[in-house]
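Chemist: when you get a sec, could you give me coordinates for this:
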Amino acid sequence: MSGVMIVENSDKPLWLVKKLLSSINYDIAFETDNGFEAVEKYDIVKPDLLISDLSLSKSSGLDVLKEIKKNHPNSKIVIVSSIQGKTLDQCLDFGANACISTPFSMKEFVTTILSIGKSDKKYSKIAPVIIDE
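Modeler: Have a look, this model is predicted:
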């Protein structure tokens, strides 16, 4: 993979996602906390994978997902959020490759990212579990 775009507005989840991606040799191509900026920069950055929270500044992660999938239907997008239920189901309906509820298992996160990176397969949501320490 050439790079991952991360759209996250909280420091701790951002740090953890970056650390986990680094541990499996994924490069961060771009990061922002602004949904509008993510959509605007997507064509320029052309990430292999986008990881987004649902709660963002200036836009929602669901809006980012819809807009990017509309213009790039083959894009690979993972939603990572503490929001659960119908909203995560909507993300899958709009084309998210996976939805991971926080807190999450680091092993499950890495497995999901590696699986998506190796295939075009669509995944279902992952139940929340305790973060490994």
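
Chemist: quick check, central residue of the chain?
Modeler: The structure's the chain has its C-alpha centroid closest to residue 51; by Cα atoms, centre = their mean the separation is 1.9 Å.

Chemist: ok, then the element right after the strand or helix carrying it?
Modeler: Following DSSP states H and E, one finds residue 51 within strand 49-52. Toward the C-terminal end, the helix or strand that comes next after strand 49-52 (DSSP H and E) is helix 61-71.

Chemist: sort out which residues of that following helix are buried, please.
Modeler: 61-68 (16 or more other Cβ atoms under 10 Å). The way it works is simple: take the backbone N, C-alpha and C, and place the C-beta from them, glycine included.

Chemist: can you tell me the SS state at residue 88?
Modeler: State at residue 88, reduced to three classes by DSSP: H, G, I helix; E, B strand; the rest coil: helix.

Chemist: pLDDT weak spots in the chain?
Modeler: 1-2, 118-133 (pLDDT under 70).

Chemist: ranges for the strands of it?
Modeler: Counting by DSSP state E, one finds strands in the chain at the ranges 4-7, 28-32, 49-52, 77-81, 98-101, 125-126.

Chemist: about what we covered before: the residue nearest to the centre of the chain and residue 3 touch, don't they?
Modeler: No - in this structure, residue 51 sits apart from residue 3 without contact. The criterion is Cβ atoms under 8 Å, and the distance is 11.4 Å.

Chemist: TSV for the buried residues of helix 61-71, including distance to residue 93?
Modeler: As requested, those are exported to TSV (distance: Cβ to Cβ, whole Å):
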residue	distance to residue 93
61	14
62	10
63	14
64	15
65	10
66	10
67	15
68	15
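
Chemist: for residue 87, which non-adjacent residue is spatially closest?
Modeler: Here the nearest residue to residue 87 in space, its sequence neighbours aside, is residue 54; by Cβ to Cβ, 6 or more residues apart in numbering that works out to 6.4 Å.

Chemist: that neighbour reaches residue 85, doesn't it?
Modeler: No - at 11.4 Å, residue 54 does not count as touching residue 85 under the criterion of Cβ under 8 Å.
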